[in-house]
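Asks: Sequence below, structure please.
(4 chains)
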Number of protein chains: 4
Amino acid sequence: MNIGVIGYGYWGPNIVRNFNNIEGTQVIAVCDKNQKALKQVKKIYPKINIVSECREITTSKNIDAVAVVTPVSTHYEFARQALQNGKHVFVEKPFTATAAQAEELINLAEKKCLKIMVDHTFLFTGAVRKIKQIVDENMLGHLYYYDSTRVNLGLFQHDVNVIWDLAPHDFSVMDYLIDEKPSAVVASGKSHINGMEDIAYVTVHFTNSIIAHFNVNWLSPVKVRTTLIGGEKKMLVWNDVNADEKIKVYDKGIEVKNKEGIYNLLVSYRSGDMWAPKVEQKEALGLETEYFIDCIEKSKTPINDGHAGLRIVKMLEACDKSLQNDGKTVNL
Amino acid sequence: MNIGVIGYGYWGPNIVRNFNNIEGTQVIAVCDKNQKALKQVKKIYPKINIVSECREITTSKNIDAVAVVTPVSTHYEFARQALQNGKHVFVEKPFTATAAQAEELINLAEKKCLKIMVDHTFLFTGAVRKIKQIVDENMLGHLYYYDSTRVNLGLFQHDVNVIWDLAPHDFSVMDYLIDEKPSAVVASGKSHINGMEDIAYVTVHFTNSIIAHFNVNWLSPVKVRTTLIGGEKKMLVWNDVNADEKIKVYDKGIEVKNKEGIYNLLVSYRSGDMWAPKVEQKEALGLETEYFIDCIEKSKTPINDGHAGLRIVKMLEACDKSLQNDGKTVNL
Amino acid sequence: MNIGVIGYGYWGPNIVRNFNNIEGTQVIAVCDKNQKALKQVKKIYPKINIVSECREITTSKNIDAVAVVTPVSTHYEFARQALQNGKHVFVEKPFTATAAQAEELINLAEKKCLKIMVDHTFLFTGAVRKIKQIVDENMLGHLYYYDSTRVNLGLFQHDVNVIWDLAPHDFSVMDYLIDEKPSAVVASGKSHINGMEDIAYVTVHFTNSIIAHFNVNWLSPVKVRTTLIGGEKKMLVWNDVNADEKIKVYDKGIEVKNKEGIYNLLVSYRSGDMWAPKVEQKEALGLETEYFIDCIEKSKTPINDGHAGLRIVKMLEACDKSLQNDGKTVNL
Amino acid sequence: MNIGVIGYGYWGPNIVRNFNNIEGTQVIAVCDKNQKALKQVKKIYPKINIVSECREITTSKNIDAVAVVTPVSTHYEFARQALQNGKHVFVEKPFTATAAQAEELINLAEKKCLKIMVDHTFLFTGAVRKIKQIVDENMLGHLYYYDSTRVNLGLFQHDVNVIWDLAPHDFSVMDYLIDEKPSAVVASGKSHINGMEDIAYVTVHFTNSIIAHFNVNWLSPVKVRTTLIGGEKKMLVWNDVNADEKIKVYDKGIEVKNKEGIYNLLVSYRSGDMWAPKVEQKEALGLETEYFIDCIEKSKTPINDGHAGLRIVKMLEACDKSLQNDGKTVNL
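Replies: Have a look, this model is predicted:
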């Protein structure tokens, strides 16, 4: 399987390295506008062809799949070109700048029988795979809430706000873990530096008992990457900053004995052992790129296909709409 | 100074103990409906008069000030009785169940030249006093955000939701630290157990650059009490769960060099030393009750007077209104 | 059961409060040389008789058991008086200033059919009781090591060094958890302030595979109370400073495949889940004082009897001997 | 400057990468017995010459300096060859297997006017450089103790015990930070797996007020890398496992007012702010290899020269002697 990679900025080197590590797969061309980036490619991988015109990748006869590792505003155009020329597509998150673009790409891929995979890397971390297993085994019971904080000092993106930059990670994990579909979104935020929101808070409503919340912030002095998932039976804390014990499952909860009236409620707290399951350490992107190749070869639908990407883009669009309307609730 | 205390439940014993510790001040009567609570008073303080009818406190000729330590729905009535009978009033947070009640009590107290103090205990902790000093010295510079998380396993209140239970702590601290007045509130939440919201998220908007956010949750397996305060010059983390190093001030920030266009922004991160100032350990309630006596004796206006209480109640009312209207923005 | 308490300094108030809390048991007299301490007793417990001459306690006809809560140098004399007058004895740790004294008291008690209990409080904490259960169930397998650190800023004692002050806690826990008896002790330390060692390191040897080590320090800027217990099957960390998750059991270890020669060793690391069992929160001293009464009433031998106290004193004496001889190994 | 590297095991790749990163310096040959390792070199650095006979490196005319990155038992032989053939030498820690070997190499290098640098990498970390500055500025005052713990699950070495494996890091840091020379060593330890001590405790005595202690352990379920340095004026904690705030300086201490007698001592505790200075993040080995080149070019004596290496080896030898004699104190 021959891979062409468009974009060799912050994340591109990881994409190239991981695809290159797969037995039987190789990156044969990398495209970037930046000559310095291309020189870097050549230094590490003398055999890879470097080009500065993306058409040389999207139209190349030797390339089977194209990885689009560029700013989100360009995803649609590069992915479209690749699909039209019969190439499978691996696209950075978020999938596209609009839901309409995502839908068009999904249709095009289906028509051409090609695979789209959106790089929701976190789904392939040991932590999220373990949490998925815990949730699927119903260890937590009926879910109550999903509460995520992802803050740090870092204004990485010039063209999108902090929600588009950070929340796709958490939206994609929530989308993967929770079967129910969200019904509405409320977002609030503030811009201090460059006209884009650098701090934002997103509440996601569901039609059932779940409420989800996302705290994203580019101006935090400390790095926090914590998700609490509360269930009727147990509760889970995922602390991704920890080197060890990333997941802790608490045998804690509330039991209500008497529901006849508010003042007669007998609420008791249940508090038992804590369990921190072992989490596999394999590089997530390595597993994901292998899975991409496997999905192509075995004609499987990826868990992080275009539809998954579209669901995240719809949430991001709803966030923007809510932000622009003073925190109005936007139905999905 | 003779004090009468109405209510001897969870917090009452602390109120009695602290007023009793003040030189020249003594609690002379405690009222509660619960005979077991009254017996407990008698056992520890044989000299205190125990009564089950609050009028015996509010109309007593020997009592100078009344502490109202009962559920919020009763604050107005007990405080009103006390004020009408010429007693100064110390009321648990939140001040009253409605802003209208708070305003009436404020007017009554002013007419009668009596003091109202609302028990915003956190203002008297070593941590908040130190943060106040740091903010007032402009060490953080222009403020960007105030982001608070107060979560735990504990459905303490039967008659109010999690916002009315937990957020008054953080609202009162924010009100104390930030001179600007909030302009609007957005709240979202969910009820899982008893019809009251047990998880809620509140965003508070200001007309200037500040955004504030409050995450309150009765269903968390872990106890988190963290507030981040971000400023242009420095950033502060207050972790109240820590035994030591409760406050950390980070010499961290973002510097923007070129503001001519989004893509030309030269953003650089500034990262320097961290400093954890010593925080005084004296019991907050001890300082607060002494301060109450001092305000009465010296005719000073408490920082946590009725107006401070009213501002918090207005925010709580706005939260309820926002919750009832699907997260609508409610102006203050 | 009527209790007399000798000594009302730092720890005395806890002893009085806990004995007084036991149904059917009451402290009827407290002795101290310090009039201020006695006044404090009277204020809180008007019914307790206060005396400044210990003979009034040790010879009182109404007293069944005497608690000796004084500096270690006086333990022997007070305990001897009490035993000779037919009273059971509860003595602070360390039991006595010399092993000879401990042996004499043990013999006296046996002759008189009286109980001695040494206040090894930690044995009654939820954490140590849980660890005892884990060790007894052989969950850790064959033990490899016991490594304890107990450091803090605090020169509590004027008359003993840091080993006599802090190590009895850890010696008594080790003595309780590990069935094998230690064979030798090596101690090194340094005095900086008052001629007593304020920092010390103790290694305890066993005839089997276990090695134990104790790091005690009065001059540490941070409070550390951590014990690692390594076994062939699992390993345990007891962090007593944590409010939650005091005990963590790690499914970690080393497996050696090929023992034919050092260079052919195939060492592999086993790393599995971590488990933090729930630890009971009941006050240790409450359980211990109840247990003392129970042992007297039911004629049971306490786990922390005079012999247990003697074993700890023997280790302390050996430490002193090693310190005085430049870290010489002292056999037990 | 042309570098030859002997040994491409665990650490070798870092040595090659860092020397290769230096402007004007390049690794031109790597030697290893393991063909797989050599293949790995060729794959990453096609231009580097790979050899399996170390003489091809030590006698090569094109090579200016040789890095010896092999097990300690071979250091002497490879370094001697290199020096005899006029090459500067960069040797892994610990320098040699015996002090006699180290002295011979030092003499040889001096005779030939060649540089020896021992890879005491930690001296070049941001943390240790910052601590050195703090100590040199006398911020801690007169030093009281140096207490280091370095434990983990990991039996890395087949041919040396845990002291020879882990303690050289801490010995070299102590040697760098503390001007006074240690006077004696006491070591105790235990072997559980392969006949080498896998757990050991080392106390190092000085003739002045300092005491140093080292806790090294290959069988710990948790990774701890903490050093406490206590001084008369301030105290420092270096926690190398932390991603941030690796160094904390505590304004804590003990003040003694009255030294007339033990019982009249008025000890008071001083507790002020904590300060966590920013620590530079540059890769230590990068700085160290650059410094090696710089020392050669400018004829400077490295801080980590053969004499520094020898001081560490002498301590290691003393530890072995103490271990073999039941924890006897061994003078240095």
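Asks: Output the set of residues of the stretch 1-150 of chain A in proximity to chain B.
Replies: Residues of the stretch 1-150 of chain A lying close to chain B (CB under 8 Å from any CB of the partner chain) are A:144-145, A:147, A:149. C-beta coordinates here come from the backbone N, C-alpha and C atoms, glycine included.
Asks: Now restrict those to buried residues only.
Replies: Buried members of these, scored by 16 or more other CB atoms under 10 Å in any protein chain shown, are A:144-145, A:147, A:149.
Asks: So which of these are in helices?
Replies: With helices taken from DSSP state H, there is no overlap with these.
Asks: And those residues, which is closest to residue B:33?
Replies: Residue B:33 lies nearest to residue A:144 out of those, by CB to CB, at 33.9 Å.
Asks: Residue numbers of chain A in contact with chain D?
Replies: So chain A meets chain D at A:46, A:222, A:241, A:243-244 (CB under 8 Å from any CB).
Asks: can you narrow those to ones near chain C?
Replies: Answer for the residues of chain A next to chain D near chain C (CB under 8 Å from any CB): residue A:244.
Asks: May I ask which of the residues of chain A next to chain D has the most neighbours?
Replies: residue A:222 (19 neighbours; other CB atoms under 10 Å in any protein chain shown).
Asks: Just want the angle from the helix or strand harbouring residue A:205 to strand B:199-206.
Replies: If you go by DSSP states H and E, residue A:205 is part of strand A:199-206. Relative orientation of strand A:199-206 with respect to strand B:199-206: 140 degrees, computed using axes from the mean of the first three to the mean of the last three CA atoms, to 10 degrees.
Asks: Strand A:199-206 pairs with which strands?
Replies: strand A:182-190 (antiparallel), strand A:211-217 (antiparallel) (DSSP bridges).
Asks: quick one, which of these is packed in tightest?
Replies: Per residue and on average, the most neighbours among the strands paired with strand A:199-206 fall to strand A:211-217, with a mean of 26 (mean count of other CB atoms under 10 Å in any protein chain shown).
Asks: Kindly export that one (C-alpha atoms) in PDB.
Replies: Below are the C-alpha coordinates for strand A:211-217, written out as PDB (Å, rounded to 0.1, in the frame of the first residue of the first chain):
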ATOM      1  CA  ILE A 211     -25.500  15.500  30.500                       C
ATOM      2  CA  ALA A 212     -22.100  16.200  29.000                       C
ATOM      3  CA  HIS A 213     -19.800  19.200  29.500                       C
ATOM      4  CA  PHE A 214     -16.500  20.300  28.000                       C
ATOM      5  CA  ASN A 215     -14.100  22.900  29.400                       C
ATOM      6  CA  VAL A 216     -11.500  23.900  26.900                       C
ATOM      7  CA  ASN A 217      -8.900  26.700  27.500                       C
END
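Asks: got a list of contacts for it?
Replies: A:144-152, A:162-163, A:165-167, A:170-171, A:174, A:178, A:182, A:198-206, B:145, B:147, B:188-190, B:199, B:201, B:213, B:215, B:228 (CB atoms under 8 Å, 6 or more residues apart in numbering or on different chains).
Asks: got the residues of chain A near chain C?
Replies: Residues of chain A lying near chain C (CB under 8 Å from any CB): A:244-245, A:251, A:271-278.
Asks: got a winner among these for most neighbours?
Replies: Neighbour-wise, these (other CB under 10 Å) top out at residue A:274, 24 neighbours.
Asks: How about the contacts made by that residue?
Replies: A:248-251, C:244-245, C:275-276, C:278.
Asks: picking up where we left off before, okay if I get the residues of the stretch 1-150 of chain A next to chain B as TSV plus pLDDT?
Replies: As requested, the residues of the stretch 1-150 of chain A next to chain B are arranged in TSV below (pLDDT from 0 to 100):
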residue	pLDDT
A:144	97
A:145	98
A:147	98
A:149	98
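Asks: With distance to residue C:69 as new columns, can these be given to me in JSON lines?
Replies: Listed next are the residues of the stretch 1-150 of chain A next to chain B as JSON lines, based on distance: CB to CB, whole Å:
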{"residue": "A:144", "distance to residue C:69": "49"}
{"residue": "A:145", "distance to residue C:69": "50"}
{"residue": "A:147", "distance to residue C:69": "48"}
{"residue": "A:149", "distance to residue C:69": "48"}
